[in-house]
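[1] predicted structure and sequence below. I'll ask about it afterward.
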Amino acid sequence: MVSEDFRTPIDTLEKGRATLPKKGEKGFQSANVSENFCTHEKGRATDKVAKEVGFGSGRQYEKAKKVYEEAPEPIKKQWQEGKLSTHAAYQKISCRALSPSQSTN
């Protein structure tokens, strides 16, 4: 049986997604806020969510989110099983996006 302390990257990511404020909820900020009447503590929401759910930083949370949403199944499976770190999986999908398309000479 898996201990309750063990969480896979996807479990952690899902918890983080559930924690982010949705549009219309307190704490949600639109990108085009014209007035700033901030009554809550400052900082990036992703950093706060990352800290709460167990990622090291908001950047790490964003990498995990990209892997979860965009990685092909073989990479996602290795990441889920712990054979690839979040950073390594992110690098693999980022390199695929940057590599030139096959030429049609």
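    On my side now, so go ahead. Residues are numbered from 1 along each chain as shown.
[2] how far away is K22 from A45?
    Per C-beta to C-beta, to the nearest Å, K22 is found 11 Å from A45. Placement of C-beta: from N, CA and C, glycine included.
[3] how about K15?
    The separation that K15 has from A45, given C-beta to C-beta, amounts to 14 Å.
[4] and for P72?
    In terms of C-beta to C-beta, P72 sits 28 Å off from A45.
[5] quick one: mean pLDDT for the host helix or strand of A88?
    With secondary structure defined by DSSP states H and E, A88 is part of helix 86-98. Averaged across helix 86-98, pLDDT comes to 84.
[6] try stretch 52-64
    84.
[7] same deal with stretch 9-27?
    Mean per-residue pLDDT for stretch 9-27: 71.
[8] tell me the buried residues in it?
    Going by neighbour count (16 or more other C-beta atoms under 10 Å), the buried part of stretch 9-27 is 9, 12-13, 16.
[9] need the CA coordinates for that stretch. PDB is fine.
    The C-alpha trace of stretch 9-27 is given here as PDB (Å, rounded to 0.1, in the frame of the first residue of the first chain):
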ATOM      1  CA  PRO A   9       3.900  14.800  -9.500                       C
ATOM      2  CA  ILE A  10       0.500  14.600 -11.000                       C
ATOM      3  CA  ASP A  11      -1.200  14.300  -7.600                       C
ATOM      4  CA  THR A  12       0.700  17.300  -6.400                       C
ATOM      5  CA  LEU A  13      -0.100  19.200  -9.600                       C
ATOM      6  CA  GLU A  14      -3.800  18.400  -9.300                       C
ATOM      7  CA  LYS A  15      -3.800  19.700  -5.700                       C
ATOM      8  CA  GLY A  16      -2.200  22.900  -6.900                       C
ATOM      9  CA  ARG A  17      -4.700  23.400  -9.700                       C
ATOM     10  CA  ALA A  18      -7.500  23.000  -7.200                       C
ATOM     11  CA  THR A  19      -5.900  25.600  -5.000                       C
ATOM     12  CA  LEU A  20      -5.500  28.400  -7.500                       C
ATOM     13  CA  PRO A  21      -8.300  31.000  -7.300                       C
ATOM     14  CA  LYS A  22     -10.800  30.900 -10.100                       C
ATOM     15  CA  LYS A  23     -12.200  33.900 -11.900                       C
ATOM     16  CA  GLY A  24     -14.700  35.700  -9.700                       C
ATOM     17  CA  GLU A  25     -13.100  34.200  -6.500                       C
ATOM     18  CA  LYS A  26     -11.200  36.300  -3.900                       C
ATOM     19  CA  GLY A  27      -7.600  36.400  -4.800                       C
END
